[in-house]
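Colleague: sequence and computational prediction follow.
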Amino acid sequence: MRRLFIGGRTFELSEHDYLSAIINLVNGYYTLAEAYHNYHLSGFADWKGSFQISDDNQNETVKAIVGAIDDVKLSDVFISLEGHLQELKNVDTQIVNWLVEYVGLSSLQSKKDKARLGQRLRKIIANGPGGHPQGPVWAMHTDFQEFVGRSRKILAAISKDKRQANQRLHQLMESSTRS
């Protein structure tokens, strides 16, 4: 049995349920990384902080689950996975800052600034040659493509971490069912 302390309450989980929760967490991290990368591929970044909100809402539960990992190999993979996810978030922040500069804003501090960024990007998309929509033309810029390349490499590293975590988790699941 595993005891997790979340929000001042104690939860008891069987080893199987605990390992299943970690599998779900690994898959969730990978899905979040894919979402960031797909946003980057399409010429955008999370300037509204939508992905961060979902991340923050689950922070205490995630800390409790990850904090209870006592397997060294799995712990090492999780450290790598979380580090790579943070790298991807940093690339996203760099893209946001680049987009702010690209559209001529000085900063992105308030909701009003975020709304302005969205408006300016939509205006660029809508006002192509001859008044025809043109898509996110900034995505073809060399600097933006550099960000996308870094995003792709980080997603590949996260994918590798996911495979390693899943392999280790399945080994642990098998040994827990034998016990």
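Modeller: Received the coordinates, thanks.
Colleague: list the contacts for the closest residue to residue 154 other than its chain neighbours?
Modeller: Across the structure, with Cβ to Cβ, 6 or more residues apart in numbering as the measure, the residue nearest residue 154 apart from its sequence neighbours is residue 88 (4.6 Å). The C-beta positions use only the backbone N, C-alpha and C, and glycine is treated the same way. Counting by Cβ atoms under 8 Å, 6 or more residues apart in numbering, residue 88 touches 33, 36-37, 151, 154-155, 158.
Colleague: likewise for residue 36?
Modeller: 46, 51, 88-89, 91-92, 151.
Colleague: what's the closest of these to residue 24?
Modeller: residue 51 (17.5 Å; Cβ to Cβ).
Colleague: lowest-confidence helix or strand of the chain?
Modeller: Lowest on mean pLDDT, DSSP states H and E among the helices and strands of the chain sits helix 50-57, with a mean of 64.
Colleague: show me what contacts residue 13?
Modeller: Under the contact definition (Cβ under 8 Å, 6+ apart), the residues listed for residue 13 are 1-2, 4, 21.
Colleague: now list the buried members of those residues.
Modeller: 2, 4, 21 (16 or more other Cβ atoms under 10 Å).
Colleague: now do the residue of the chain most remote from its centre against residue 69, distance only.
Modeller: Distance to the chain centre peaks in the chain at residue 130, reaching 37.9 Å (criterion: Cα atoms, centre = their mean). When distance is defined by Cβ to Cβ, to the nearest Å, residue 130 is 58 Å away from residue 69.
Colleague: where does the prediction get shaky in the protein?
Modeller: In the predicted model, the chain carries pLDDT under 70 at residues 53-58, 179.
Colleague: can you do 90?
Modeller: 1-2, 4-9, 46-65, 107-111, 126-135, 175-179 (pLDDT under 90).
Colleague: break down it into its strands, ranges please.
Modeller: Secondary structure of the chain (DSSP state E): strands at 2-6, 9-13.
Colleague: looking at these, which is buried most?
Modeller: Mean neighbour counts were compared across these using mean count of other Cβ atoms under 10 Å; the top stretch is strand 2-6, at a mean of 14.
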